[in-house]
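Asks: Build me a model:
(one chain, ligands or ions: 1)
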Amino acid sequence: MTKQRNRRYWMVIPVVTIIILLGLIFHRTWQNEQRVHKTNTAEKIRIVTSLAVYGEMAQAVVGDQGQVQSIINKASVDPHEYEPSVQTAKAYAQAQLIIANGAGYDAWSTKFAQANTQAQKLNVGTIVGYHEGDNEHFWYQPTVTKAMMDPLVDKLSALKPASRSYFQTNAQRYIKTIQPLAEKRAELTKQLKGKSVLVTEPVYDNALAGLGVHDLNPNFAHAIEAGNDPNPTDVLAWNDAITQGQVAFVINNPQTENAVTRRAVKKAQQFQVPIISVTETKPDGKNYLEWQLGILEQIEEALKK
Ligand SMILES: [Zn+2]
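Replies: Presented below is the predicted three-dimensional model:
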């Protein structure tokens, strides 16, 4: 009897312990869930993008509800040559919204985006309706900023549904801030009617198309973009266009210059053809508006000469 009671007594202890332990575990889990839930509402949305130009747009829309990390955020880095680091891979793995330029411009960014199955994603190429062979420097398209706003609002709202109207207001405000660009473009389009230009690399072609400007020698620029030397016929055609006074200005991408483009630019300078410097990446310390307006003002100056 005593033996049996003892045995029962010893059996009771583990069961009670297990129940207490389970209770504690459930309670802890419940507490953790509460905590996780609370942090999520207060926590900032983690946004990662390849290019600082899209980072600015995303930050403008997300406001204080999110934090943006732009991987290529220095003018000294050529995105065509960029190789991602382990830190970059980590940032993409932890992101809740990923924005890639697409169209092969930042193939690594698209790849990391695919690997993160949990994240919301935006591909600018898809947004602007890219087709094979189109120019992939989408941030120079006059309509890209407007095109980005609704997709940004939608993806951010999927992460924080309660903030949708806040995101919408931010998007409208951002569009208003860049309004001077549309006005400057409209003025310049009138002044540029019938004018032709030369281009060392097709970085600014989307903007030039928007301004209605004709590139006299696209082969030259495409060879440079592909990392090749333009063929001698195209170099001759470049020089002829300069010497015959057909060129309103030259667009030079200093991030992709080589011996051939330097000679081509020098030729233009000898004949007083204005050189307009246009980079792939946002210059340090400038926002999108200042950057884009700066280029348009250079063009405006060039037309006065
Ligand atoms: Zn380029």
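Asks: buried residues in stretch 215-227?
Replies: 215, 216, 217, 220, 221, 222, 223, 224, 225 (16 or more other CB atoms under 10 Å). Heads up, the C-betas are built off the backbone N, CA and C, glycines and all.
Asks: Looking at those residues, spot the one nearest residue 116.
Replies: residue 225 (29.6 Å; CB to CB).
Asks: distance of that closest one from residue 182?
Replies: 28 Å (CB to CB, to the nearest Å).
Asks: Same check on residue 221?
Replies: Noted for residue 221: a distance of 26 Å to residue 182, by CB to CB.
Asks: And for residue 138?
Replies: 17 Å.
Asks: do the same with residue 155
Replies: For residue 155, the distance to residue 182 - CB to CB - is 25 Å.
Asks: So which of these two has more stuff around it?
Replies: Using other CB atoms under 10 Å, the more surrounded residue of residue 155 and residue 182 is residue 155, with 23 against 13.
Asks: Could you pull up the residues touching the more buried one?
Replies: By CB atoms under 8 Å, 6 or more residues apart in numbering, residue 155 lies in contact with 97, 120, 121, 122.
Asks: 10 Å instead, please
Replies: For residue 155, the contacting residues are 45, 47, 58, 61-62, 96-99, 119-122, 167, by CB atoms under 10 Å, 6 or more residues apart in numbering.
Asks: Which one (most neighbours) among those?
Replies: Ranked by neighbour count under the definition other CB under 10 Å, those are headed by residue 99 with 30 neighbours.
Asks: What ranges does the chain have for its strands?
Replies: Remark: strands assigned in the chain by DSSP state E are 45-51, 66-72, 97-100, 120-123, 196-199, 214-215, 250-252, 275-277.
Asks: Now the fourth one: average pLDDT?
Replies: When pLDDT is averaged along strand 120-123, the result is 98.
Asks: give me the number of residues near residue 149?
Replies: Neighbour count of residue 149, defined by other CB under 10 Å: 19.
Asks: cool, and residue 117?
Replies: Counted with other CB under 10 Å, the neighbours of residue 117 add up to 7.
Asks: Check residue 293 too.
Replies: Using other CB under 10 Å, residue 293 is surrounded by 18 other residues.
Asks: Can you tell me how far it is from residue 165?
Replies: Remark: distance between residue 293 and residue 165 (CB to CB) = 30 Å.
Asks: Could I get the contacting residues of residue 215?
Replies: So residue 215 contacts 196, 197, 198, 199, 202, 204, 205, 208, 209, 221, 251 (CB under 10 Å, 6+ apart).
Asks: Same question for residue 42.
Replies: residue 65.
Asks: Residue 207 against residue 143, yeah?
Replies: No. Counting by CB atoms under 10 Å, residue 207 does not reach residue 143; the two are 11.0 Å apart.
Asks: Helices along the chain, start to end?
Replies: 2-42, 52-62, 86-94, 107-115, 124-127, 144-159, 164-177, 179-191, 205-211, 218-225, 232-243, 259-270, 288-304 (DSSP state H).
Asks: chain center to stretch 150-162: distance?
Replies: 18 Å (CA atoms, centre = their mean, to the nearest Å).
Asks: residues of that stretch that come out buried?
Replies: Buried residues in stretch 150-162 (16+ other CB under 10 Å): 151, 152, 153, 155, 156, 157, 159, 160.
Asks: now for the residues you listed, which pair is the farthest apart?
Replies: The widest separation within these (CB to CB) is 15.4 Å, between 151 and 160.
Asks: What is the burial count for residue 123?
Replies: Taking other CB under 10 Å as the neighbour definition, residue 123 ends up with a count of 20.
Asks: wouldn't it be in contact with residue 129 here?
Replies: No. Between residue 123 and residue 129 there is no contact under CB under 10 Å: 11.3 Å.
Asks: Excluding sequence neighbours, find me the nearest residue to residue 146.
Replies: Of all residues not flanking residue 146 in the chain, residue 175 sits nearest, at 6.2 Å (CB to CB, 6 or more residues apart in numbering).
Asks: mind checking pLDDT for residue 14?
Replies: pLDDT, read off for residue 14, is 47.
Asks: Outline the domain layout of the chain.
Replies: 43-177, 180-304 (automatic domain parsing).
Asks: ok, the closest residue in space to residue 84 that isn't next to it in sequence - how many residues close by?
Replies: Once flanking residues are discounted, residue 84 sits nearest to residue 108: 4.6 Å by CB to CB, 6+ apart. Neighbour count of residue 108, defined by other CB under 10 Å: 16.
Asks: Alright, that wraps it up for me.
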